[in-house]
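In: Got a predicted model here, sequence first, then my questions.
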Amino acid sequence: MSTAADFATMKVESKLFQNRYLVDSGKPHIKVRAHTTPSKALLALTKVCPAGCYEENDRGQVEITTDGCLECGTCRVMCAGSDDIEWNYPRGGFGIQFKFG
Ligand code: SF4
């Protein structure tokens, strides 16, 4: 069992592993709109999404896998005013379940 002192010194990846995620199969709550060349914002998301949900594929397009999404809204803010992504919260009961609320 972890103590508060242990938690304070954990790496971010270890802290994220404390959470649970319920996948809504086939119904991702965030979608990347079809594109041939990604915008700068989409490319940046492959670096800044804290859950590593965005990846560049071998065709140079940006894809998302929402499993593990923290619902932090970073991608929503970065793509505000564009049609790069379609962002929604997961359906009730699905998505991230934070261990510490
Ligand atoms: S809401 Fe946050 S964690 Fe989820 S995909 Fe966007 S940037 Fe990543």
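Out: Noted; the coordinates are in hand. Since the model is a prediction, treat every value here as computed from it, not as a measurement.
In: how about the CA coordinates for stretch 35-49, as CSV?
Out: The C-alpha coordinates for stretch 35-49 follow below in CSV (Å, rounded to 0.1, in the frame of the first residue of the first chain):
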residue,chain,number,x,y,z
HIS,A,35,-7.3,15.3,-43.0
THR,A,36,-4.4,14.7,-45.4
THR,A,37,-1.9,17.1,-43.7
PRO,A,38,-2.3,17.8,-40.0
SER,A,39,-2.5,21.3,-38.6
LYS,A,40,0.3,22.5,-36.3
ALA,A,41,-2.1,22.1,-33.4
LEU,A,42,-2.8,18.5,-34.2
LEU,A,43,0.9,17.8,-34.5
ALA,A,44,1.6,19.5,-31.2
LEU,A,45,-1.0,17.2,-29.5
THR,A,46,1.3,14.2,-30.2
LYS,A,47,3.7,15.9,-27.8
VAL,A,48,1.5,17.6,-25.2
CYS,A,49,-1.4,15.2,-24.5
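In: Would you mind checking the average pLDDT for that stretch?
Out: Mean pLDDT, computed over stretch 35-49, is 97.
In: Of all the residues in that stretch, which ones are buried?
Out: Neighbour counts over stretch 35-49 (16 or more other C-beta atoms under 10 Å) mark Pro38, Ser39, Ala41, Leu42, Ala44, Leu45, Thr46, Cys49 as buried. All C-beta atoms are positioned from the backbone trio N, CA, C, and that covers glycine.
In: how about JSON lines for the residues you listed, with distance to Met10 added?
Out: Compiled in JSON lines, these are given as follows (distance: C-beta to C-beta, whole Å):
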{"residue": "Pro38", "distance to Met10": "33"}
{"residue": "Ser39", "distance to Met10": "34"}
{"residue": "Ala41", "distance to Met10": "31"}
{"residue": "Leu42", "distance to Met10": "31"}
{"residue": "Ala44", "distance to Met10": "27"}
{"residue": "Leu45", "distance to Met10": "25"}
{"residue": "Thr46", "distance to Met10": "25"}
{"residue": "Cys49", "distance to Met10": "20"}
